[in-house]
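Participant: Pasted the sequence and its predicted model underneath.
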Amino acid sequence: MGESAFLLLMQLLLAALVTKTGGATLRLELTGPSKAYLKSTVMFQCKLSELIFPRSCDLIKDSGDVLDTKLCESQPVTFYLKVDDRSEGEYFCRVRTKEQTETSNAVKLQVVIPVQGTHLASEPSPPIIYEGAGFTLRCHVRRGTLPTYVWYHNKQLVATSTPLHRLSGSTLTVEQASERHAGTYSCEAQNYIKDHTRHSSSRDITIVVKKYLSAPRLSFRLYHDDSGYRANISCRSERGTPPVTFQLLLDGKHMEAKQVYLLEAFFTLPVTVGLDMGVLRCSAQTDMHHLLSDPVDLEVAPVGGTAYIHMQYLWRTESVLPAALLQCNVTRGTFPIFSWSFNHSPVPPEGESHAIISHGSKLILIDINTGNSGYYSCRARDSFNSSSSWLESKEVMVNETGIGATYVEVIAVAFYCFLLVIIVGGACCLLSTIKCRRDHDTSPNDQHMDICEQTNLLFVAGEPKREESCEMWVNTGALKLAKPVLMGPSAGLLSNVTVFTCWVGENPQNLSVFYQLLDGDGMKVSEVQSTLHGEKASISAVLSFSHDGSLICRASGHNNSDTEHSDSDSLDFRVIDPVDGAILISTASPGDLWEGESLTLQCNISKGNYVSYSWLLNDGPVQLNSIRFQNQLTIPHLSNHDSGTYVCIASNQYNGTLTFRSRSNEIDVQVKEDVSKPGISFDVFSNAEKNLTANVTCELATGSPPINFTFLRGSEIISETLKESLTASLMIPVVLNQDMDLVHCQASNGKSLMKSAELNLTVEPVGGGVTMRAENAKGPLFQVIGVWLHCTVERGTFPHFSWFHNTSRLQRKGPFYSVFGKHHSGLSLALGMRSDGDYYCEAGNKFDNATRLRSQMIRITKEGLNKIPDDVVALVFTCFSVLIIAVTMCCLYGVLRRRQAGMYRHKQYFQEMSNIVDNEEEYEYENKEDVYDNGEDHYDEEDDVGVVGEYREDTDMEQSSTQEDSDEVFAIVVFATITAEGYVNTSDTPQLACVFNQNDGACHYGLGIGIITFLACVALLIADAYLPTVSSAQDRKRIVTADLGFSGAWTFLWFVCFCLLASQWAKTTERKGIQSDSVHAVIVFSFFSIITWGALTYLALMRFRQGVNEITRSSVESPPDHTTPYTTSYVPPDHNSPHPTSTYPSVPSTHSDIYQPSAFMPKSEPMVHNDYQPPTY
């Protein structure tokens, strides 16, 4: 063996030496495609580093077969290969000479089968669902490898996952469908090889999304035909999906049914006017819904009774009365028709100063003036009978002068009155000043000053004014005209003629008044001359921009310089120039805008004033995130939602009735989104030759196309592509358990370049142990209603899990289970009879089904998960029994102890009384003969009362304890029955619900009060056992008071419990699967609890009253009776006598004194030794 190895090593060294010294080593390079379509022809080229003859070139497949051989006569050597099913694999170029044989690099060829036979499958099938439900579309191909899928909704491309659709490979999922998801769907399967694309499209599939049906509304109208009166009844639903079956019910009887492809159906029924025909209802029914309308009385009452008008004045905020509302009402009538009269003349249906609304029942006077002031009345008759008589109302007066004042007007009148008083006072002072001046003309100068000073003192409190001030008031000899009044419209159109009216109330005689119309700056605009008799002057003006603003009317004497002019109040007047020629311009290029930038649009007009601007985006109002100032719209931070077509509309109004508008040109704004940070992921596929390929996907959340995607391995660029979508992918061959380096991707759309995280393409197969973890789902009362199973494998990059139930493989979703989670790693179970069994999971590679790892088996049953362990049951009931026994023993011990204690106290008392030796300072004794005269033992009456009271208290305690034991049993029955039988589930859901009308509050109330009652009974029993040992009267009173209060409150709460449970059980309609006996037991024992706690309340009240009387009697001493003589005779004590003597009142009495102890006859005992020696004091 050693010699053979040595010879082989020497041959290798010699071959290397010959190669090194004898000639150059050939270097071969084989190039060719990595992918090729089936049945296509591909070309491989073999390049040699140098030409050495003679030699031949072979094209070899990885299996060792020589596919083609050619002489190496030229560079490069070209081979052609027809691709078939067996062509996939690695190819080499081999050159053979006499001296050596060389092999080139490997070229891996992947055969791509063009996609064919694309079709869609829907879940559910047929694809008819209701809104809120979900559906799944799967795109299948009959033949093809490495397909990619493109989806279309209503012929529109669904590029990526959106809130409407979620794409995942060959699946399109909608979790909650709405009306927007309805329509036609199709998919297209594609596979790519460089620039050559093969695709196959499916047929369209129509998704129908039905709307939920709304409750129908019922209404009817009356008409007359040859057979009489008939009601045209309309039953209508506001929303829903036809066809809908409408059914008419009269007093609960089915009258007629119609299936229509609309949301409204009409029915006819004969009716009799004035007769109640019954109650109408209609039902609307689809395949999933059945709804009823509200009831409507089918009764037609003719118009009758009285008709009356309710009038209401309509005010504006500035206390101007512009309108009045008159409403005509009738006391009886189902279908009345109304007519209005004004001053006994009919009011036309349409007019300039009025409007009739609400089917003629309301009349609105738009502008109250002298023309429409007067008496209004209405009349009514049946609309279905043109021959019926009219019912007239009383007339009401509408007068513009007879309208009451508002609060604003009252305040204004009060203010004007106060102002009038001030003006009158000022006028009196002014007359006094004028009189002062006249006296100055006829009196000495000093006298004039005194008068002026006295007059001025009326105005200023202080030093008198100077003489110049006085003359300022006096030197007013010119005539001043009264203040003119200017009236006219508030606005007018440019270049139109507008008439203004101006007049002075009373012109002085023989004075011609000259009127001028001035603007706010005092510049003359128009003028006219009036007559001598105070007529109104009409000033006609051709409106120009000089009339815009404030206008005043100035009145002055015509050719009379002695007359002082006067000005009217200003009149605000607008000259409206109709807007026209709106042009929209942008401050930035609308086609080159990015998110976050600002955009300002300006709307210019060629003519117009008082213009308002409105902005539209895609024919809708612009959102509120914009800033509007005059004719500019500024969007400070652009987003993708701001893209669209912008238009501005400039408008102005004349008198609120005539509106002028000018629409601008359109500007198309496109806001580009920056690319977000890309996310990179990969999936692995396996071909027929078990070769693995990683599909690396680079995906963006946001970004405006086109987007340049670049895939890199480290700093080396692998691939670069320009996409119109947010996703790009790249196929990279991978090898199991081999480090394939880190790759990442970059994305850019011209503004910024974003880089993804690095991704390791290492693929590790599944291995290690498979574990399964269970998690319980609990419902009411901690009952297990479901189980979540989670399956994990120790290692593996792309694990795929399969679930088994009793060795049967579970699909994605079933009647009681659902597979969820990444790689199907979770299983959700709804516990029931069908779900009981053994479960386990298997883990395998997603790309390879050869390896399957199995977990341990778990048995899951609903009974087993909800069963309490036997040891826990035994422990709980043992503790419960011990507690009951201990409480009972404590109660019995307390009762017996109380009786023994009472007897012991009496015996001890009498024993002490027999041995009392009282001294002469404290006691007085009777004679010895009085002691032995009575042969019977007599107890003090007070002690007898105590014994009776204690015996009565013990009897009450025994009765209350018995009652508490009974109520403890009742409470156990109530809460135990509710716990065991109080919750059931319906046939269509595993969720448990309360048997009392599915009202969980009723069960919770009964359960809570039962548990609290049981605990309270235990506490009260302990308190009853402890009560005899309490020596403090106040503590005994507190215990009895607490017992009384709790018993009274619990009597009321049990009454509420009984009423609640009985009411809810009476309302329960679905009683299938409910144990009625258990429900009846709960209700009956709730009633018994009322009686029991009522008795406990009564006993506690008796004990409370007894305790109060004893405490009161023991704490109050009787006052001494000073009217009764009290005589005593003192006898010295005889110490040699075995019995003491005492002296008591010698007053004769016919009855025994209960406050004196009776004679005591001790038991005679032989006295053998008498060692007693009296003490020496």
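Facilitator: Great, that's in hand.
Participant: alpha carbons only for contacts and neighbour counts from here, please
Facilitator: Will do.
Participant: what lines up beside the helix or strand harbouring residue 81 in the sheet?
Facilitator: With secondary structure defined by DSSP states H and E, residue 81 is part of strand 77-82. According to DSSP bridges, the neighbouring strands of strand 77-82, each with its direction, are strand 41-48 (antiparallel).
Participant: helices or strands next to whatever helix or strand comes next after the strand it pairs with in the packing?
Facilitator: Next helix or strand after strand 41-48 toward the C-terminus (DSSP H and E): strand 56-61. Counting contacts by 3 or more Cα pairs under 8 Å, 6 or more residues apart in numbering; DSSP states H and E, the secondary-structure elements packed against strand 56-61 are strand 66-71, strand 89-96.
Participant: Would you pull up how far the strand holding residue 81 lies from the middle of the chain?
Facilitator: Relative to its chain's centre, strand 77-82 lies at 70 Å (Cα atoms, centre = their mean, to the nearest Å).
Participant: follow-up on the earlier one: turn the helices and strands packed on strand 56-61 into JSON lines, including distance to residue 225.
Facilitator: Written out in JSON lines, the entries for the helices and strands packed on strand 56-61 read as follows (distance: least, Cα to Cα, whole Å):
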{"stretch": "strand 66-71", "distance to residue 225": "97"}
{"stretch": "strand 89-96", "distance to residue 225": "90"}
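Participant: Just the buried positions in stretch 98-117, please.
Facilitator: Neighbour-count burial for stretch 98-117 flags 103-116 (criterion: 16 or more other Cα atoms under 10 Å).
Participant: Can you measure across it, start residue to end residue?
Facilitator: Its first and final residues considered, stretch 98-117 spans 54 Å by Cα to Cα, to the nearest Å.
Participant: swap in stretch 235-253?
Facilitator: Using Cα to Cα, the distance between the terminal residues of stretch 235-253 is 16 Å.
Participant: for stretch 128-146, same thing?
Facilitator: In terms of Cα to Cα, the two terminal residues of stretch 128-146 are separated by 32 Å.
Participant: just so I have it, where are all the helices in the chain?
Facilitator: Listed in chain order, the helices found in the chain under DSSP state H are 2-22, 407-442, 445-456, 467-474, 862-866, 870-914, 928-933, 941-981, 1000-1026, 1033-1067, 1076-1115.
Participant: quick one: which of those helices has the weakest pLDDT on average?
Facilitator: By mean pLDDT, the lowest-scoring of the helices of the chain turns out to be helix 467-474, with a mean of 36.
Participant: Residue 486 is in contact with residue 569, correct?
Facilitator: Yes: with contacts counted by Cα atoms under 8 Å, residue 569 reaches residue 486, the gap being 7.1 Å.
Participant: what touches both of those two?
Facilitator: Among the neighbours of residue 569, those also in contact with residue 486 (Cα atoms under 8 Å, 6 or more residues apart in numbering) are 552, 553.
Participant: Only the buried residues of the strand holding residue 81, if you could.
Facilitator: Residues of strand 77-82 classed as buried: 77, 78, 79 (neighbour count, 16+ other Cα under 10 Å).
Participant: need the residues you listed in TSV with pLDDT, can you?
Facilitator: Rendered in TSV, the data for these read as follows (pLDDT from 0 to 100):
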residue	pLDDT
77	85
78	87
79	88
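Participant: hmm, back to that, just the helices and strands packed on strand 56-61: most buried one?
Facilitator: Per-residue neighbour counts averaged over each of the helices and strands packed on strand 56-61 give the maximum for strand 89-96, namely a mean of 21 (mean count of other Cα atoms under 10 Å).
Participant: quick one: average pLDDT of that one?
Facilitator: The average pLDDT for strand 89-96 rounds to 87.
Participant: do the same with stretch 361-372
Facilitator: Stretch 361-372 carries an average pLDDT of 81.
Participant: wait, what's in contact with the nearest residue to residue 350 once chain neighbours are set aside?
Facilitator: Counting by Cα to Cα, 6 or more residues apart in numbering, residue 350 lies nearest to residue 356, which is 7.1 Å off, once chain neighbours are set aside. If a contact means Cα under 8 Å, 6+ apart, then residue 356 has 349, 350, 362, 363, 364 as its contacts.
Participant: And residue 285, by the same measure?
Facilitator: Taking Cα under 8 Å, 6+ apart as the contact definition, residue 285 lies against 244, 245, 246, 291.
Participant: Could you say which of the residues you listed is surrounded by the most neighbours?
Facilitator: The member of the contacts of residue 285 that has the most neighbours, counting by other Cα atoms under 10 Å, is residue 246 with 28 neighbours.
Participant: pretty sure that residue contacts residue 265?
Facilitator: Yes: Residue 246 sits in contact with residue 265 when judged by Cα under 8 Å, with a separation of 6.6 Å.
Participant: got the contact list for the most centrally placed residue in the chain?
Facilitator: The geometric centre of the chain, computed from its C-alpha atoms, lies nearest to residue 132 (Cα atoms, centre = their mean), at 17.3 Å. With Cα under 8 Å, 6+ apart as the criterion, the residues that contact residue 132 are 175, 176, 177, 178.
Participant: any idea how far it lies from residue 285?
Facilitator: 19 Å.
Participant: re the thing from before, make CSV from the contacts of residue 285 and add distance to residue 1043 and pLDDT to it.
Facilitator: What follows is the contacts of residue 285, written out as CSV (distance: Cα to Cα, whole Å; pLDDT from 0 to 100):
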residue, distance to residue 1043, pLDDT
244, 65, 90
245, 64, 92
246, 63, 92
291, 54, 89
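Participant: Which one of those residues is nearest to residue 188?
Facilitator: In terms of Cα to Cα, no member of the contacts of residue 285 lies closer to residue 188 than residue 244, at 36.6 Å.
Participant: so that closest one makes contact with residue 262?
Facilitator: Yes: taking contacts as Cα under 8 Å, residue 244 lies within contact range of residue 262: 7.1 Å.
Participant: Kindly tell me how buried the nearest residue to residue 503 once chain neighbours are set aside is, as a neighbour count.
Facilitator: Ranked by Cα to Cα, 6+ apart and with sequence neighbours excluded, the top spatial neighbour of residue 503 is residue 536, at 4.7 Å. Residue 536 is surrounded by 16 other residues when neighbours are defined as other Cα under 10 Å.
Participant: Next, work out how far apart residue 536 and residue 484 are.
Facilitator: When distances are taken as Cα to Cα, residue 536 and residue 484 turn out to be 10 Å apart.
Participant: who touches both of these two?
Facilitator: The overlap between the contact sets of residue 536 and residue 484 (Cα under 8 Å, 6+ apart) consists of 502, 503, 504.
Participant: Quick check: of those residues, which lies closest to residue 695?
Facilitator: The nearest member of those to residue 695, counting by Cα to Cα, is residue 502 at 91.0 Å.
Participant: what bridges to that closest one?
Facilitator: The partner list for residue 502 in beta bridges (DSSP bridges) reads residue 486, residue 537.
Participant: What score does it have for pLDDT?
Facilitator: pLDDT for residue 502: 86.
Participant: Check residue 755 too.
Facilitator: In the prediction, the pLDDT value recorded for residue 755 is 91.
Participant: Next, count neighbours for the closest residue to it other than its chain neighbours.
Facilitator: Distances taken as Cα to Cα, 6+ apart put residue 746 closest to residue 755, at 4.5 Å, once the chain neighbours are dropped. Residue 746 is surrounded by 21 other residues when neighbours are defined as other Cα under 10 Å.
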